[in-house]
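Chemist: based on what follows, work out the 3D shape:
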Amino acid sequence: MRWPALALALGLLVASCTSSPEPAPRATGGAQGGSVGGGEVAPPVPGALSEAACALPHEQLLRVWRGTDPQRSGQIVFVPAEPNFVGSNFPHSGPWDYLQDVPMFWYGPGVIPALGSVDTETTIADIAPTQAKLLDFGFQALDGHELEEIPQPAIPPKLIVTLVWDAGGRSVLDSYPDDWPVLESLIPDGVWYEKATVGSSPSITPATHATIGTGAYPMHTGQTDAEFRLGGELVRAGALGPVLMMQPTLGDLYDRAMGNDPLVGVLASVTWHLNMASHGALWGGGDKDIAVLRVPSAADNEGAEGTEWNLQGKNSPFYEFPAYTNDLPGLEAYTDAIDREDGALDGNWRDNSIQQYELGWATPARIPYQTRMVEEVIHREGFGQDDVPDLLFINYKAIDHVSHIWSVNSPEMQDTLRWQDQALGDLVDFLDSEVGQGNYVVVLTADHGAQFDPKVSGAFQVTPGQLEDDLNAAFPSSADGSVLQAVRTSQIYLNEDVMRESGYSFEQIAEFVLGYTKEQGAPDPSAVPADQLDDRVFSAAFPIRMLDRLKCLPEARG
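Modeler: Next comes the predicted model:
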């Protein structure tokens, strides 16, 4: 069910939206293939695109479908041949298991049964409806389901904490099995879902956090990418505040139904993390929920992180920011411990200058710094201190931050995972003391996995800028503007009017991508082994309008 009030607000915004997307990185070089430079483009081969789509493992195609919205997604989606990927700085967008498999652990002494590891298949869409069961609150998720292993208690817990290790998927945990001893030690005392996945692609922060909070996939929440179509423009997810998330969260509905007596809060760092918590006062009858982020006030990138805890002005009408969080010891109070780990107090974390890496923000020092903030907010706001159950949503972004700089395959990642695990022990000890066993539940998960270094995985990496350059050369515009609006890590946004006026079709552009080779995508083709030059980079590429016509995807036809 769509949210009528928000749909009306969206309709008013479409005409006035003027936000511009962040430009894709540009790259030079690379051979061009097909008909290039204004030559006539061949018609698509009948059936080629649908055959490639149906050749994907069904679960991957299903994840792609769940992640698309015909009004917001790029008109063309693509799936690189695993382990290839499109993007810079080790992106994590894709339907493959290594990015989709995530931890899901339910823990709460006296509330959650001690079942240990179970083999039930689940996705992060099941979190919200299962939390609703713990609250004895009627909540009908569009896609998620209640987990049978989590029983409804006689008395709801006073506090439910949703704890997200951003990018801390199984690709990270399985790479360093000895570096999360705290989590491993807790598993026998709770419920660990061995077969938990994200469930939709692209596996990116705004999309997956919305799924965690609503129990709905991006096809229903509208959070289909870090930027998406709004009318004829591209808008950054979160750029207009919470108005563009098209489904209410559990926090929205539960808080209002309880007369806004529950505390609902999100303690994180970027705007996109709000998606798992609530719309705050924007939701009809809702109040200003607590929000602590770290986005620079003037930032136009909702994924940017600043130098202090804050809340941007566009979100201030809908959430309450506890200013006392900046009275706590600063990040510099925690960098010495990172510095000393290698036995020398020299201003470095391993070989990395702590000052040069965002004054320590790009190091594990941010983890205890954030944990201290979390503890202070829980204590001062009174989370879990009365008989009305509260909801708290926490995102730790350290693993994600490190993964984009160094990848999974780095000693920096191993350090960060170890520090993140230690923080879990600190948080559990704090909750035992502050809220009390039997009074709280923690749900630990991740929003996606992290990317492997191509030197380890053997992946062929294409930058969005390189692919965009080659597409522009292959499909030159005969009208004002480019055929291409943007190339992202999993989809292509097109200026449809320019495309049609220039004589092209979705299918022609998708077929060019499907036939794209390593020779075309390489900045220096001479660096590609001769026997790999003609290898295709992509397994599938197709217009999203094709999804509900694929015989191999009956789910899309209801």
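Chemist: what about stretch 436-451, start to end distance?
Modeler: Taking Cα to Cα, to the nearest Å as the measure, stretch 436-451 stretches 38 Å from start to finish.
Chemist: buried set for it?
Modeler: For stretch 436-451, a neighbour-count test (16 or more other Cβ atoms under 10 Å) marks 439-451 as buried. Every C-beta, even on glycine, is put in place using the N, C-alpha and C of the backbone.
Chemist: separation between residue 70 and residue 77?
Modeler: Note on residue 70: its distance to residue 77, by Cβ to Cβ, to the nearest Å, is 11 Å.
Chemist: and what of residue 536?
Modeler: Distance of residue 536 to residue 77, given as Cβ to Cβ: 16 Å.
Chemist: if we can go back for a sec, more crowded one of residue 70 and residue 77?
Modeler: Legend: neighbour count by other Cβ atoms under 10 Å for residue 70 and residue 77, higher for residue 77 (28 against 14).
Chemist: now the more buried one. Nearest residue, chain neighbours left out?
Modeler: Spatial nearest neighbour of residue 77, chain neighbours left out: residue 491 (4.7 Å); criterion: Cβ to Cβ, 6 or more residues apart in numbering.
Chemist: that neighbour contacts residue 225, correct?
Modeler: Yes. With contacts counted by Cβ atoms under 8 Å, residue 491 reaches residue 225, the gap being 6.8 Å.
Chemist: excluding chain neighbours, what is closest to the most centrally placed residue in the chain?
Modeler: Centroid-nearest residue in the chain, with Cα atoms, centre = their mean: residue 205, separated by 1.9 Å. Counting by Cβ to Cβ, 6+ apart, the nearest residue to residue 205 once its immediate chain neighbours are dropped is residue 272, at 4.5 Å.
Chemist: so which elements touch the helix ranked longest in the chain?
Modeler: For the chain, the helix with the greatest residue count under DSSP state H is helix 411-434. With contacts defined as 3 or more Cβ pairs under 8 Å, 6 or more residues apart in numbering; DSSP states H and E, the packing partners of helix 411-434 are strand 159-165, helix 170-173, helix 181-186, helix 366-381, helix 398-406, strand 440-445.
Chemist: give me the helices and strands touching the helix or strand following the longest one, please.
Modeler: Counting by DSSP states H and E, the element after helix 366-381 in chain order, helix or strand, is strand 390-396. In this structure, strand 390-396 packs against strand 159-165, helix 250-257, strand 264-267, helix 366-381, with contacts taken as 3+ Cβ pairs under 8 Å, 6+ apart.
Chemist: please redo it, this time with the cut-off set to 7 Å
Modeler: Contacts defined by 3 or more Cβ pairs under 7 Å, 6 or more residues apart in numbering; DSSP states H and E place strand 390-396 against strand 159-165, strand 264-267, helix 366-381.
Chemist: check contacts around the closest residue to residue 494 other than its chain neighbours.
Modeler: Nearest non-adjacent residue to residue 494, counting by Cβ to Cβ, 6+ apart: residue 75, 4.9 Å away. By Cβ atoms under 7 Å, 6 or more residues apart in numbering, residue 75 lies in contact with 492-494, 496, 506, 543-544.
Chemist: between the longest helix of the chain and helix 366-381, how big is the angle?
Modeler: Angle of helix 411-434 versus helix 366-381, following axes from the mean of the first three to the mean of the last three Cα atoms, to 10 degrees, is 20 degrees.
Chemist: right, and the helix or strand after the least confident helix or strand in the chain by mean pLDDT?
Modeler: Every helix and strand of the chain was ranked by mean pLDDT, DSSP states H and E. The lowest is helix 4-16, at a mean of 37. Downstream of helix 4-16, the first helix or strand assigned by DSSP H and E is helix 48-55.
Chemist: can you name the element that comes right after that next one?
Modeler: Heading C-terminal from helix 48-55, the first helix or strand you meet, by DSSP H and E, is helix 58-66.
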